[in-house]
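>>> here is my input; please provide its structure:
(one chain, ligands or ions: 1)
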Amino acid sequence: EKTGVAVLGLGSMGSALAGALLAGGHAVRVWNRTPGKAGELVARGAREAGSVAEAVDGSDVVIVCILDYGDVGPLLEQAGGPAGLQGRVVVNVTNGSPEEAREMAERVAALGGAYLDGGIMAVPEILATPQAFVLYSGSRTAFETSRGLLDSFARSVYLGEDPGLAPLNDLALLSGMYGMFGGFAHAAALIRSAGGPVAGFTSTLLVPWIQAMAGALPAMAEQVDSGDYSVTGSPLAMQVSHDAIGDLSRAQGVSPELWAPVLALMERRVADGHGSEGFAGVVELLRG
Ligand code: NDP
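Residues are numbered from 1 along each chain as shown. The predicted structure follows:
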């Protein structure tokens, strides 16, 4: 028999999660603060609950997906008194901080539930496709018992017992993504400043180049872990000896503001005596 599951919050992501659970054959109860968002899910077999307590009652797993982390605790307290979450697994995929996740785990434990914090690495449109994955941290037992259900969303990645691990890794992944988006923005501005179409450049040159360069990251990561940044190929001093990217940008009327902070870190590493080492050493400058 498939697990009974409640989905609290039917925004764009919550609705997609509920849809994936229905597709997985689960008995789904849905609840949303503002009524009237459950129509399509109900047509596909979900049961709409009139209150949080009604949604949670009879559900082994409770998925929470609302806008603000600060509203999750009060929402769960509506689950029906001290016994409301007894023996249930709460999976909160609302985005928050590691500290908030640790506090939520304690709050849920006080209400009798087991807790998993989740970070969805997908937009609603690609949920339940091979590109998507979801990070989980918190109770290992809770992860193992609800794994079959969670796999309806996407590939499930369990990171460990510390509930803060999912938001930490989620935000680290977004940092990597925004670095790449920033690089794209600068490259696109350079190509456009020369009158070229950005689309052809991006698909035939930039994407393959970024994919090739991503292959260098595991070796750079090894250097960060070991603290040994020695390289043979292209040392930092050579890379910053002449600011070719900044010069070209200014000549083309392109703002160097995305490039400048990266250059500044590389120059600081050289000034600190690490000019013969590789780029990964800039991580040392980012320690708090
Ligand atoms: P939406 O804006 O589409 O929906 C927000 C939902 O939160 C609505 O159902 C809303 O209810 C509910 N809500 C807001 N405040 C409260 C409250 N105080 N009590 C109860 N319910 C409340 O947001 P998303 O679905 O896109 O995002 C939800 C979470 O998922 C966020 O934490 C987001 O960071 C995360 N996420 C979203 C992704 C995305 O691409 N959309 C990707 C990865 C994570 P009502 O209808 O009553 O307003």
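>>> phi and psi next, for whichever residue of the stretch 1-150 of the chain sits closest to the ligand.
At 1.8 Å from the ligand, G11 is the closest residue in the stretch 1-150 of the chain, using Cβ to the nearest ligand atom. Every residue, glycine included, has its C-beta placed from N, CA and C. For G11, the backbone dihedrals are phi -70, psi -160 (criterion: degrees, to the nearest 10).
>>> how about V254?
Torsion angles at V254 (phi, psi; degrees, to the nearest 10) stand at phi -100, psi 130.
>>> ok, the closest residue to it other than its chain neighbours - contacts?
Spatial nearest neighbour of V254, chain neighbours left out: A189 (4.6 Å); criterion: Cβ to Cβ, 6 or more residues apart in numbering. By Cβ atoms under 8 Å, 6 or more residues apart in numbering, the contact set of A189 is S249, V254, S255.
>>> ok, 10 Å please
For A189, the contact set (Cβ atoms under 10 Å, 6 or more residues apart in numbering) comprises V198, S249, Q252, G253, V254, S255, P256, L258.
>>> now do L76
8, 52, 56, 62, 64, 84-85, 90, 92, 104, 107-108, 111, 113, 115.
>>> could you turn the buried ones of those into a ChimeraX selection?
A single ChimeraX command selects the buried members of the contacts of L76 (16 or more other Cβ atoms under 10 Å):
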select :8,52,56,62,64,84,85,90,92,104,107,108,111,113,115
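>>> can you tell me which of the contacts of L76 is nearest L206?
The closest of the contacts of L76 to L206 turns out to be N92 (Cβ to Cβ; 36.9 Å).
>>> hmm, that closest one is touching Y69, no?
Yes: at 8.0 Å, N92 counts as touching Y69 under the criterion of Cβ atoms under 10 Å.
>>> so for the two, which residues contact both of them?
Shared contacts of N92 and Y69, defined by Cβ under 10 Å, 6+ apart, comprise E100, A101, M104, D117.
>>> can you list the residues of the stretch 51-200 of the chain near the ligand?
Applying Cβ under 6 Å from any ligand atom, we find that the stretch 51-200 of the chain lies next to the ligand at C65, I66, L67, D68, D71, L75, T94, N95, I120, V123, P124.
>>> now for those: which two are most distant?
Distances among those were taken as Cβ to Cβ; the most separated pair is L75 and V123, at 23.5 Å.
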